[in-house]
Structure formats: structure tokens, C-alpha cells
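1. just a sequence and a predicted model for now, questions to come.
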Amino acid sequence: MSPADVTAEHNPLRDPRDRRLPRIAGPSGLVIFGVTGDLARKKLMPAVYDLTNRGLLPPGFALTGFARRDWDTRQFAEIVHDSVKEHARTPFREATWRQLAEGIRFVEGSFDDDAAFDRLSDTVHELDEVRGTEGNHAFYLSVPPSSFPVVCRQLARSGLSQPREGTWRRVVIEKPFGHDLESARELNAVVSEVFRPDDVFRIDHYLGKETVQNILALRFANQLFEPIWNANYVDHVQITMAEDIGIGGRAGYYDGIGAARDVIQNHLLQLLALTAMEEPVSFDAEGLRAEKTKVLSAVRLPKDLGKHTSRGQYSAGWQGGEKVAGYTEEEGFNPGSTTETFAAIRVDIDTRRWAGVPFYLRTGKRLGRRVTEIAVVFKKAPHLPFESTATEELGKNALVIRVQPDEGVTLRFGAKVPGTAMEVRDVTMDFGYGHAFTESSPEAYERLILDVLLGDPPLFPRHEEVELSWKILDPITEYWATHGKPDPYRSGTWGPASADEMMARDGRAWRIP
């Protein structure tokens, strides 16, 4: 169930028969800056095609690319065509492609080229006339944050950011939203000079994943879990995003950024907020954001960051039966780099619900396998009326929400082993999206692009959430900057020994997903 569906359940004025009607965008167009990058080619263009294929975009939808390439519209359409055929989730249909291709345009130019943005303005007006986009356009900045100011200024100078009465103009910003609190505030100041707060959509693609949205349904649509979703029953929470790949060709972006800024500041702290928040008054944007902001405001860092954080950097090893290089051995990297590829932190939440329950967040490259999960680990039963030998293999109950891959939910609990003796051992009950539903989950970018075109912002963090996340992370990265180098860990393992030691100090251990 999506947040929209949950809202329908709580809205007595809405006809329940309307609840499953698809949300279809009205007349509109999308302009993508940075169409030559991997994100545009592998995610954005295929997502636009998939939305078209599902009938969720208007017949006159327009897709415009802007880049410093010597292309014309026909050549750009070929790029889109190839990207769609290789990466689209839904089957390729010639009729769908023809419909989309009629609305494709390309404008050549650099970000500091006034004439290029004037041509883009002419193109947008032409699409309003020819395709019926009616003045409604979203601008997707799939570019480095350093380019945001100049693009925003050009959009303002050329009039592209100013909607006519009864129309809209919106901007979509990809992470990272700055590299610390100060830069995040500067970035927000630049964007807010050009666009209203409600017209700024900060993309965190994790929030568009079906399983992340299912956290809301799991907690608030069921009586089963919410009564025990608190410090009386929960021992601790682990939130993990592990990748089995290295950095590859991302040296220019990743070195100097690191795992904590790349993942913890946005993805993992957003997952923490959704896991820990109170039930919102409603599931609209304002209600969700208010509760997430309360959680992030209540996050408290441990006093001793040396004992309750860990950072690492992968070294050479074996991954999937293949010998792989270490981080500093990869092409384009500084051999003396101190950028971390693994980060783990403990935080606490100073609310009545979560007092005394630690939240452990970890992320890393070149780990044992690719997985993102939220594990809510419960306290042991206060009394076990069995002999100690009967329960020696029994662990703590856990509810594990798998975000990727194999999206679903697993519940771990104790059950008797068949036989004449009383022996209790951990077993699991498993729900998988692929088994329970015949319809495949849409890609996150499909949901998020559609939300932008609809002006539906619940899944997009506001600048208050971004700034609170940086307030949490900045003291940690500042501490690391003055306390030596990251600890090495071998590729294919689950991180440095310091991460295990961090958990052991609290009498706990990391889950092996």
C-alpha cells in the first residue's frame, strides 16, 4: 500500500472506489540537464519511457535534453532509444516509442551560454504550442552540485523558472545536497532565490523504492507491530546498505566525499526517520515531513565518537571469485587518500518511544553482498520456562525489512525442533514482493518523476531535513578528519574489525544479511 492509498483510507470524503485509480500526469514536459551521464542514460530516460508505456504520462508529453554535445534532435532521440531498449523495465513497444519520440527535443550548449538558454526557452514555448504542454515544465539537474548555481541563474535570467498564471515550473535536484551543513545552506539559498520551496524537489531515490514506502503500511496499517515498536520491546535497530562493487570510474565524485556523506547523510538517516517516526496526522507531504523532522531533531550522537563510530577503506581481495584491486589502487585515485569506503555509526533518539534503544547505521563498498535492510531486533523474553540447553541456539526475535534486492519482510522467531526433546531454534517467516504480487514493482525513478509532474512531494525531503542530517553527520566527519586514517578491510568481507569492536562494546553484533 502506498502513502496515497493510506491517505485514502483515512479520508472519509473520498470515494473508496477511487482508491486504486492510477495517478496520471497532466500536460507537461521534462528538461534534463546532464543527459550524457549514467544517471540519465540508465535511469531517467528509461523511467520516462516506462511511465509512457504504463499510460501515466499525457500523449503530448515532451522530453528535452540539454548538453554540451554536437547533437541534433534526431541524434539525441537515437541515444534515448538505445537507453530505453537496454535499460527499460517494461517491454519495448514501437507505438509507445513513436508517441514519446514525437516530443523529444535537444538543445546544445554549456551552462554559462546565455544564447543556449534562450534557445531552450524558445524550445519550451514551441513545445507548449506543438505538444500542448501548456507551460508546465520540470527541470531535472542531473549535474554536479557545483553547477547548480549557474544553471539556476540561467533559468531565472531566461525566464524559464517563472510560470505564467495557472501553470507551474519545478526543479529537481539530485544528491548530494551539499557536503556539510554550511554548503547545504548555501545551496538552498541559491535555489530558493529562483524557485519557491514547494517547487523544489530533492531526489532521494531510496524513498521511491516500494519497500521503503511499505514501512508506512507495515507500521500504520497493522495492529500487529505498532504496540511493540518501542523501547519496551526493541533492543536495537540496524540499518545497512552494503554494496559488493567498488568505486570503478567514479574517482572524480567519490574521493573526498566518502561513504558517510554519500549514503548515511541521506539514504540511511531518511530510513531511520521513517522507522522511528510517530504516526503522522495525515500521509500528505506536510504530515510526513513534520514527523520525520521531529525524529531527526531528537537524534543524539554518542559522547565518545572514537568508540561508537567506525570507518574503513577496502583493500585488494576476492569478490565473486574474482581478484579485485584495493581502493587506492583503482584508476584515478590518490594512493594516499584517506576517504572512507565503509562507515558505521551509533546514534540514539531522545524520545519516550526510543529512549535507550541504539540505532546502528552502516554502509560500505566491496562488502560481502549487495543488500539494503532495516533490522528491528527485539529483546529476549524476560523469562524462558525451559532448560538452558533447550534454548542455547535461540537468538533474539527480529523483523527485517529488505529494501533491495529481493524486496520483502522476514520475521525471525523461535520454534520447537521436531523430535522427542524440547529444543527451540530460530526459524523465519518470509514475505516477498515477487511472490505475493503479480505486478512487478516500478523503479524508484518512475515513482519520483511522476510525483514531480503531479506536484506530489511526500517522498522528497525538505531543506529542514537536509540540514538536520548534516548537523548529525558533521561532528563525525570532523572527528575523523583529525584522527588518523580509515581502517583497512579486505574486499569481500563485511568491513573493518573496528566495526565489530564498536558493536561488541555494547554487547551486540552485526547481522550477516
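-> Everything's here; your move.

2. next helix or strand past the top helix by length along the chain?
-> Secondary structure of the chain per DSSP state H: the longest helix is helix 463-481. As assigned by DSSP states H and E, the chain's next helix or strand after helix 463-481 is strand 487-490.

3. report the helix or strand with the lowest average pLDDT across this structure.
-> Within the chain, confidence by mean pLDDT, DSSP states H and E is lowest for helix 3-10 among all helices and strands, at a mean of 40.

4. return the longest helix of the chain as CSV; C-alpha atoms alone will do.
-> Extracted in CSV, the C-alpha atoms of helix 463-481 (Å, rounded to 0.1, in the frame of the first residue of the first chain):
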residue,chain,number,x,y,z
HIS,A,463,15.7,21.6,3.3
GLU,A,464,15.0,21.3,7.1
GLU,A,465,15.5,17.6,6.9
VAL,A,466,18.7,18.0,4.9
GLU,A,467,20.1,20.5,7.4
LEU,A,468,19.3,18.3,10.4
SER,A,469,21.0,15.4,8.7
TRP,A,470,24.2,17.4,8.2
LYS,A,471,24.0,18.6,11.9
ILE,A,472,24.1,14.9,12.8
LEU,A,473,26.9,13.9,10.4
ASP,A,474,29.2,16.9,10.5
PRO,A,475,30.7,16.3,14.0
ILE,A,476,31.5,12.7,13.0
THR,A,477,33.3,13.6,9.7
GLU,A,478,35.1,16.5,11.6
TYR,A,479,36.3,14.0,14.2
TRP,A,480,37.5,11.5,11.6
ALA,A,481,39.4,14.3,9.7
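
5. from the chain's centroid, how far away is it?
-> Offset of helix 463-481 from its chain centre (CA atoms, centre = their mean, to the nearest Å): 17 Å.

6. do the same with stretch 238-249
-> 13 Å.

7. list the buried residues for it?
-> For stretch 238-249, the buried set under the neighbour-count rule, 16 or more other CB atoms under 10 Å, comprises 238-244, 246-247. C-beta coordinates here come from the backbone N, C-alpha and C atoms, glycine included.

8. could you give the mean pLDDT of that stretch?
-> For stretch 238-249, mean pLDDT rounds to 89.

9. I'd say Phe378 and Gly395 touch.
-> No - taking CB atoms under 8 Å as the definition, Phe378 is not a contact partner of Gly395, at 10.2 Å.

10. residues contacting His87?
-> 41-43, 45-46 (CB atoms under 8 Å, 6 or more residues apart in numbering).

11. any of those buried? List them.
-> If we count by 16+ other CB under 10 Å, the contacts of His87 have these buried: 41, 43, 45-46.

12. quick check, nearest of those to Glu407?
-> Nearest to Glu407 among those: Lys43, at 17.5 Å, using CB to CB.

13. about what we covered before: wait, which of the buried residues of stretch 238-249 is closest to Ala481?
-> Ile247 (20.0 Å).

14. so what does the closest one have for phi and psi?
-> The phi/psi pair for Ile247 (degrees, to the nearest 10) reads phi -90, psi -30.

15. just list the residues touching it, thanks.
-> 254-255, 327, 330, 333, 341, 365.

16. again, only this time at 7 Å
-> 254, 327, 330, 365 (CB atoms under 7 Å, 6 or more residues apart in numbering).

17. most neighbours among the residues you listed, please name it.
-> Tyr327 (27 neighbours; other CB atoms under 10 Å).

18. surely it meets Thr341?
-> Yes - Tyr327 lies in contact with Thr341 (CB atoms under 7 Å); the separation is 5.4 Å.

19. which residues do the two both contact?
-> 313-314.

20. mind checking which of the contacts of His87 are in helices?
-> 45-46.

21. Lys294: which of the contacts of His87 is nearest?
-> Lys43 (31.6 Å).

22. pretty sure the closest one contacts Tyr445?
-> Yes - counting by CB under 7 Å, Tyr445 is a contact partner of Lys43 at 4.8 Å.

23. and Tyr50, that's in a helix?
-> Wrong residue type there; residue 50 is Asp, not Tyr. Yes - using DSSP: H, G, I helix; E, B strand; the rest coil, the assignment for Asp50 is a helix.

24. residues in contact with it?
-> Residues near Asp50 by CB under 7 Å, 6+ apart: 88-90, 443, 446.

25. OK, contacts around Val191?
-> 148, 152, 171, 173, 200.

26. so it is in which element?
-> Val191 belongs to helix 181-194, assigned by DSSP H and E.

27. I'd like to check the angle between that helix and helix 463-481, please.
-> 150 degrees (axes from the mean of the first three to the mean of the last three CA atoms, to 10 degrees).

28. tell me which residues of helix 181-194 are tucked away?
-> 181, 184, 187-188, 190-191, 194.

29. what strands flank the helix or strand that it is followed by, and is each parallel or antiparallel?
-> As assigned by DSSP H and E, the chain's next helix or strand after helix 181-194 is strand 200-203. With DSSP bridges as the test, strand 200-203 is paired with strand 169-174 (parallel).

30. distance check, Thr133 against Arg54.
-> 20 Å (CB to CB, to the nearest Å).

31. more neighbours: which of these two?
-> Set side by side, Thr133 and Arg54 show more neighbours around Thr133, with 24 against 16, by other CB under 10 Å.

32. phi, psi of the more buried one?
-> Dihedral angles (degrees, to the nearest 10) for Thr133: phi -80, psi -10.

33. one step back: just the buried residues of stretch 238-249 now: which is nearest Gly317?
-> So of those, ranked by how close each gets to Gly317 (CB to CB), first place is Gly246, at 10.4 Å.

34. residues in contact with Asp406?
-> Gly432.

35. Pro176 sits in which helix or strand?
-> Counting by DSSP H and E, Pro176 is part of no helix or strand.

36. got the contact list for it?
-> Contacts of Pro176 (CB under 7 Å, 6+ apart): 145, 257, 261.

37. and Arg352, how far from Glu278?
-> Arg352 is 10 Å from Glu278, by CB to CB.
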